[in-house]
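Q: how would this look folded up:
(one chain, ligands or ions: 3)
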Amino acid sequence: MADSQAVRAALRTQHIETPSWAYGNSGTRFKVFAQEGVPRNAYEKVDDAATVHRFTGVAPSVALHIPWDKVDDYAALAAHARDRGISLGAINPNVFQEDEYRLGSVCNPDSAVRRKALTHLLECVDIMDATGSRDLSLWFADGTNYPGQDSITARQDRLSEALRDVYARLTGDQRMLLEYKLFEPAFYSTDVPDWGTSYAHCVDLGPRARVLVDTGHHAPGTNIEFIVAFLLYRARLGGFHFNSRFYADDDLMVGSADPFQLFRIMTEVVLGGGLSQTSGVAFMLDQCHNIEPKIPALIRSVLNVQDATAKALLVDADALRQSQVDGDVLGANAVLMDAFNTDVRPLLASVREDMGIDPDPVGAYRRSGHQEKIAAERVGGSAAGWGA
Ligand code: LRH
Ligand code: MN
Ligand code: MN
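A: Numbers count the residues shown, from 1 in each chain. Ligands and ions are numbered 1, 2, ... in the order given. As a prediction, this is how the structure comes out:
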């Protein structure tokens, strides 16, 4: 995109959703670290998401995880969000934290357990009706630990059945995003382990069903940008759960370890039309900040996505196409590298100034005194949901 006005407009309109669970205390299997000033309930998580939006200008919604964010009145929570200038985003059901789910949720061999899971998924669509959320983000911890433990294909049949029932309940502009994950918590087989499995179910279901790509859910070395390009090409890319990983599902700040991978992903998004408002690609974070302060970590993460997007927007698509047609391998690669090696910090600072935002959002947050204020005001903040 050569036109700098168009680049600036695209940067202003790309929205990045933050996850409610990133604001609560979190940790690893070994320890949940308590931090000062963390939210005590869903309302305060919404407040923190609004703070991230205030400093970045491009994070106007927050995803909920149910029941971690259970409240009596979801319409009231949506009104609270609106009052603070944001909205409630994707609803993430939780069918992985109860004893009954030991052998899975919707793929469980026991029909009573499957019914319990389905009931929760349908309740989450009721919540979407109350909050006005568009997306139901489905992730299943289902799978097996041992060869022979269960029939792989019978589990697929059970999965299809549940997905069909949930799909039939969607109305208006509601969508279903099906997230895949290579392994964990199941270690032998996972029922939705990869984009192909998710894609096949989405195609069976219909146009409201799309694939959700969590960047942490792949084997090392996987070419995630290929997956992104293919799904966009087939109009089945529902969105992202962005985070950074080295070893497994590390859930660290997106773009922190491998900004080049994030650039490659965003380049395919831009080239595939995924930034346009009509593409329906949802840019969401799915992270945990175990050892760093949470609000500035989320601000930094939003900026990292913006940084990669800005560089992707600077790819000279015409020159790239010409090099490709000419079979100019080095030339084509140089077009991408030129964009990646551009310092986009002045451009982003100027876009922020146009939006009436401090050009240095992390510094502005530090200087604002907000962290000290919430540390003093909030005593006994809650865990994000697991390891509590
Ligand atoms: C699973 C996952 C999924 C869950 C979230 C807490 O690893 O990525 O999106 O809902 O983490
Ligand atoms: Mn995820
Ligand atoms: Mn994950």
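
Q: return the distance of residue 329 relative to residue 260.
A: To residue 260, residue 329 is 19 Å away according to Cβ to Cβ, to the nearest Å. C-beta: built from backbone N, CA, C; applies to glycine.

Q: quick one: name the residues of this protein near ligand 1.
A: Applying Cβ under 6 Å from any ligand atom, we find that the chain lies next to ligand 1 at 21, 92, 139, 179, 181, 214, 241, 249, 286.

Q: repeat the analysis, applying 5 Å as the threshold.
A: 92, 139, 214, 286 (Cβ under 5 Å from any ligand atom).

Q: who's more crowded, residue 329 and residue 260?
A: Neighbour count, other Cβ atoms under 10 Å: between residue 329 and residue 260, residue 260 has more, with 14 against 10.

Q: now the spatially most central residue of the chain: which helix or strand?
A: Nearest residue to the geometric centre of the chain (Cα atoms, centre = their mean): residue 241, 2.4 Å. Here residue 241, judged by DSSP states H and E, is contained in strand 237-242.

Q: partners of that strand in the sheet?
A: The pairing partners recorded for strand 237-242 under DSSP bridges are strand 209-214 (parallel), strand 282-285 (parallel).

Q: got the CA positions of the shortest one in PDB?
A: Looking back up the chat, that one is strand 282-285. Included here for strand 282-285 are C-alpha records, laid out as PDB according to Å, rounded to 0.1, in the frame of the first residue of the first chain:
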ATOM      1  CA  ALA A 282     -10.900 -10.700  14.400                       C
ATOM      2  CA  PHE A 283      -7.500  -9.700  15.900                       C
ATOM      3  CA  MET A 284      -7.500 -10.900  19.400                       C
ATOM      4  CA  LEU A 285      -4.700 -11.400  22.000                       C
END
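
Q: which stretches in the protein count as strands?
A: With DSSP state E as the criterion, the chain has strands at 16-19, 26-27, 32-33, 61-66, 87-93, 135-138, 143-144, 175-179, 189-190, 209-214, 237-242, 282-285.

Q: what would the ones you listed look like in TSV with distance to residue 76 and mean pLDDT?
A: Shown next, in TSV, are the strands of the chain (distance: least, Cβ to Cβ, whole Å; pLDDT from 0 to 100):
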stretch	distance to residue 76	mean pLDDT
strand 16-19	20	98
strand 26-27	26	93
strand 32-33	29	94
strand 61-66	13	98
strand 87-93	11	98
strand 135-138	21	99
strand 143-144	37	98
strand 175-179	24	99
strand 189-190	37	98
strand 209-214	28	99
strand 237-242	26	98
strand 282-285	23	98
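
Q: can I get those in CSV with distance to residue 223?
A: Below are the strands of the chain laid out as CSV (distance: least, Cβ to Cβ, whole Å):
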stretch, distance to residue 223
strand 16-19, 23
strand 26-27, 29
strand 32-33, 34
strand 61-66, 27
strand 87-93, 26
strand 135-138, 23
strand 143-144, 24
strand 175-179, 19
strand 189-190, 20
strand 209-214, 12
strand 237-242, 15
strand 282-285, 20
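
Q: residue contacts, the residue in the stretch 101-250 of the chain positioned nearest to ligand 1?
A: Residue nearest to ligand 1 within the stretch 101-250 of the chain: residue 139 (3.9 Å; Cβ to the nearest ligand atom). Applying Cβ atoms under 8 Å, 6 or more residues apart in numbering to residue 139 gives the contacts 92, 96, 179, 181, 192, 212, 214.
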